[in-house]
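Participant: My questions concern the predicted model and sequence given below.
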Amino acid sequence: MTVTAGGLSVVDTVSFAVDRGERVGLIGESGSGKSLTASAVLGLLPHGLAATGSVRLGERELLGLPERELSRLRGREVAMVFQEPMTALNPSMRVGAQVAEALRIHGTGKRAATERAADLLGRMGLPDLARSYPHQLSGGQRQRVVLAIALANDPALLICDEPTTALDVTVQARILRLIERATSERDAALLFITHDLAVVAGLCERVLVMLDGRIVEAGPVRRVFTAPEHEYTRMLLAASDLSGRAS
Ligand SMILES: Nc1ncnc2c1ncn2[C@@H]1O[C@H](COP(=O)(O)OP(=O)(O)OP(=O)(O)O)[C@@H](O)[C@H]1O
């Protein structure tokens, strides 16, 4: 897949697959094209950018699907969690109702949606907060609500774009454990975008390294982090907390 802006490639001939049950990290410096790659998968590119090539979910080609069909897939078969939970939540709606709404949009009846929303929030460690509004919650609690919404319809693919960057390390660790458990319970594929190599080391089996819109290295996390082949990966490792362990 390639993403162009005004005729120039900002993501250039990127090719990768994420299998069911597999957790793949996408790393690279700011501006390397990680977020645009994720947005292109979901058909959510900003105005003025276009994706060409192919994005397949199972057997289905997603590039070129009409918006109506894409919005049916989003949240049901592919779900995304972004860095800032407040932008994903409705500030004037109770969080339980927001989780229930994610289910109702995709056809779950009202009573079942309410029950399932309570169950999902319970699994996220938020059993008593269904009637809260987003502003009454901490950042970590909000991100867990967003995760409950993303997981509500048991998506086959979960894409997380820096979901824990704004959170302190303890809260981050808790959310990463929830993501790990939720995706493995569902046998879902995970594409996890981050600039934090330690997070990838703890969560992912495979890693893709992006530089200037291209994937310059890909492979099992253990191999890439202990015997990097590309100069840029070596540089990322040297600049990370992992450098001591990887050398
Ligand atoms: N709307 C846009 N129009 C034109 N170019 C864009 C647009 N959005 C992003 N770009 C360019 O595409 C490149 C990749 O951006 P992208 O946001 O995917 O990077 P990233 O690796 O996710 O960075 P970050 O970690 O900061 O989110 C950047 O060079 C950016 O300048």
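Facilitator: Yes, it's here.

Participant: Spit out the contact partners of Ser35.
Facilitator: Asp161, Ile193 (CB atoms under 8 Å, 6 or more residues apart in numbering). (C-beta placed from N, C-alpha, C; glycine too.)

Participant: roughly how far out does the helix or strand where it lies sit from the chain middle?
Facilitator: Here Ser35, judged by DSSP states H and E, is contained in helix 34-42. Taking the mean of its C-alpha atoms, helix 34-42 sits 10 Å from the chain's own mean (CA atoms, centre = their mean, to the nearest Å).

Participant: do the same with stretch 151-160
Facilitator: For stretch 151-160, the distance to the chain centre is 9 Å (CA atoms, centre = their mean).

Participant: And stretch 102-120, by the same measure?
Facilitator: 22 Å.

Participant: For that stretch, buried residues please.
Facilitator: Ala102, Leu103, Arg104, Ile105, Thr108, Ala113, Thr114, Arg116, Ala117, Ala118, Leu120 (16 or more other CB atoms under 10 Å).

Participant: how many other residues sit next to the closest residue to Ala38 other than its chain neighbours?
Facilitator: Distance criterion CB to CB, 6 or more residues apart in numbering; nearest residue to Ala38, sequence neighbours excluded, is Ile159 at 5.0 Å. Residues near Ile159, counting by other CB atoms under 10 Å, number 24.

Participant: which residues does Ile159 bridge with?
Facilitator: Met80, Leu191 (DSSP bridges).

Participant: That one: what's it in contact with?
Facilitator: Ala38, Val41, Leu42, Val78, Ala79, Met80, Val81, Leu190, Leu191, Phe192, Ile193.

Participant: try Arg131
Facilitator: Arg94, Gly96.

Participant: Who are the contact partners of the spatially most central residue of the chain?
Facilitator: Note on the chain: the residue nearest the mean C-alpha position is Cys160, at 1.5 Å, using CA atoms, centre = their mean. Residues near Cys160 by CB under 8 Å, 6+ apart: Met80, Val81, Ile179, Leu190, Leu191, Phe192, Ile193.

Participant: For the second one, which residues are in contact?
Facilitator: Going back to what we said before, that points to Val81. By CB under 8 Å, 6+ apart, the neighbours of Val81 are Ala88, Gln143, Val146, Leu147, Ala150, Leu158, Ile159, Cys160, Asp161, Pro163.
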